[in-house]
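# A predicted structure for the sequence below; I have some questions about it.
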Amino acid sequence: MSTLYTQKDHSKIPELEHRNFRNDDFWTKIPGWANITRGEFADFRWQSKNSIKKVDQVEKILGSRVTKEFMDDLRMGQKKTPMNIRITPYVFSLINWDDPLNDPLRKQFLPVGSQFLPDHPMDQEDSLGEDTDSPVPMLTHRYPDKVLFLPTTICPVYCSYCTRSRIIGGSTESVEKETYGANQKKWDDVFAYLARSPLVEDVVVSGGDAYMLTPAQIKYIGENLLKIPHIRRIRLATKGIAIFPQKVLTDDEWVGAVKEVHDLGRAFGKQVVIHTHFSSPNEITKWSQMAMDRLFSLGITVRNQAVLQEGVNNHVDEMVLLTRQLGFMNIQPYYVYMHDMVPGCEHLRTTLKEGEELEKAVRGTTAGFNTPTFVCDLPGGGGKRHIASYEYYDDENGISVWKAPYVKKDQMFLYFDPIHKLSEDAQKRWANEGDRNAMIEEAKKKA
Ligand SMILES: *Cc1c(COP(=O)(O)O)cnc(C)c1O
Ligand code: SF4
């Protein structure tokens, strides 16, 4: 047989690294789960039940694999973070516990005190103005033809950088929250509003996370939205596939409900898709690929929305690998977001310039339809804009000025780079309120 057809070991060819899906029993390296079988690990109930929700559990499950110093740092982090801890055994055991401080997954879900930076002075709890643009509770209607519906405030994991930290998960030591769980009674008001809003064609069902909706709730939401004649597209948003692929593999009722809503949409000539949220190639394993194989075979389209983050994916190699792996699994990389300007995330933000450089590097590495658009969701509710479509960018002082004519006519929007990444002189200017206001006014004038 010709060597042409011999299966090569892809791992030796960097260009093909994205085809290697980790398939070892990686969780058995965690002392508390050393004896967990593949079958147990695959069970979504086991994953939910064994999710880590407290710092003490981290210590218990890791035993001697974690230092006292790290645990103290983690405890200090709990005093500052706006988010509760919740992390599935799947993600927890993908963290490199030999070097947790530098691990991209640890950075997303288990914030440590030593990494926090002072919040940017222009941060806001509701940075995107979602509550301002809300005609009925749980709904943001900003764009003419698409809306954001937040039927639940709970998630299978809590990301320490969540843009909705003001409502998602429970209260923490630093933030009091009014979370509403999955408050089904109020959903009917949302459906009624949508029924009398003929311009709306597109509904993003987010939260919170659609993984936390019961099969009955998925069907209830799906049926009520699909029966509104002018609604053509529904997206169910869940980080689940990235951090808990076992649910897609073993929770047949949940998958069945999504499939039912998808098929009902198809019968009406409407789209029902899933939007997920992978941010790092370290989240991707054979489990992710198997989960995607299942959804793909059911005919369900999945797209990805990543957040650009310092030390998680702000390197060309990581971003290219993430993009290619997603494409290989039949997930369409849709967006990479600039980090929102919400409190408690300054250490994870990057400059707009980094975003632009990364977009340039990623473009051309794979199919155009599998190349993510890098966007900035404008503080103050201007909506998502392509990263290079600002009116003016003062990269020395980290100030960009934007317009969003179709969303809010005549209004200017501002995005700011993290101050610690600016030159020393620029940092001094930011420290002085007079200088700061003058710089901002100057940038607006130039726009
Ligand atoms: C992101 C978002 C949407 C959907 O926007 P796309 O750019 O189509 O993904 C709709 N409404 C709100 C309020 C949003 O934030
Ligand atoms: S899954 Fe989404 S909504 Fe939930 S905590 Fe993470 S970023 Fe926030």
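Now that the structure is in, tell me what you want to look at. Here the structure is a predicted model, which is why all the values come from computation and not from measurement. Residues are numbered from 1 along each chain as shown. Ligands and ions are numbered 1, 2, ... in the order given.
# near ligand 1, which residues of the stretch 201-350 of the chain? Just list them.
By CB under 6 Å from any ligand atom, the residues of the stretch 201-350 of the chain that approach ligand 1 are residue 204. Quick note: C-beta positions are derived from backbone N, CA and C, even for glycine.
# of all the residues in the stretch 201-350 of the chain, which one is nearest ligand 2?
residue 239 (3.8 Å; CB to the nearest ligand atom).
# please name the nearest non-neighbouring residue to that residue.
Take residue 239 and drop its neighbours on the chain: the residue closest to it by CB to CB, 6 or more residues apart in numbering is residue 277, 4.2 Å away.
# equivalent analysis for residue 22, please.
Residue 22's closest residue in space is residue 285 (CB to CB, 6+ apart), at 4.4 Å.
# kindly report the same for residue 61.
Nearest residue to residue 61, sequence neighbours excluded (CB to CB, 6+ apart): residue 32, at 3.6 Å.
# so that neighbour sits against residue 63, correct?
Yes - under the criterion of CB atoms under 8 Å, residue 32 is in contact with residue 63, at a separation of 7.1 Å.
# more neighbours: those two, which one.
Using other CB atoms under 10 Å, the more surrounded residue of residue 32 and residue 63 is residue 32, with 18 against 11.
# next up, phi/psi of that one, please.
Torsion angles at residue 32 (phi, psi; degrees, to the nearest 10) stand at phi -70, psi -20.
# and for residue 349?
Per-residue torsions, residue 349: phi -80, psi 160 (degrees, to the nearest 10).
# and stretch 333-340, what's its mean pLDDT?
Mean pLDDT, stretch 333-340: 98.
# relative to ligand 1, which residue of the stretch 301-447 of the chain is the closest?
Nearest to ligand 1 in the stretch 301-447 of the chain, going by CB to the nearest ligand atom, is residue 384, at a distance of 4.6 Å.
# please name the nearest non-neighbouring residue to that residue.
Using CB to CB, 6+ apart, the closest residue to residue 384 is residue 375 (4.4 Å).
# show me what from the protein comes close to ligand 2.
Listed as neighbours of ligand 2 in the chain under the rule CB under 6 Å from any ligand atom: 155, 158-159, 162, 164, 168, 207-209, 239.
# need the next SSE after the helix or strand harbouring residue 325, C-terminal direction.
In this assignment (DSSP states H and E), residue 325 forms part of helix 316-328. Scanning forward in sequence from helix 316-328 by DSSP H and E, the next helix or strand is strand 331-337.
# partners of that next one in the sheet?
Its sheet considered, strand 331-337 pairs with strand 302-307 (parallel), strand 373-378 (parallel) by DSSP bridges.
# other residues contacting the first one?
With CB atoms under 8 Å, 6 or more residues apart in numbering as the test, strand 302-307 has contacts from 161, 235, 241, 273-279, 292, 295-296, 313, 322, 326, 330-337, 339, 372.
# strands of the stretch 51-200 of the chain, start to end?
Counting by DSSP state E, counting those that start in this stretch, the stretch 51-200 of the chain has strands at residues 139-140, 146-149.
# scratch that, the stretch 301-447 of the chain
Along the stretch 301-447 of the chain, counting by DSSP E, counting those that start in this stretch, strands occupy 302-307, 331-337, 373-378, 383-386, 392-394, 399-403, 412-416.
# in a markdown table, list these along with mean neighbour count.
Below are the strands of the stretch 301-447 of the chain laid out as a markdown table (neighbours: other CB atoms under 10 Å):
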| stretch | mean neighbour count |
| --- | --- |
| strand 302-307 | 22 |
| strand 331-337 | 22 |
| strand 373-378 | 22 |
| strand 383-386 | 17 |
| strand 392-394 | 18 |
| strand 399-403 | 22 |
| strand 412-416 | 21 |
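# thanks again, I'm all set now.
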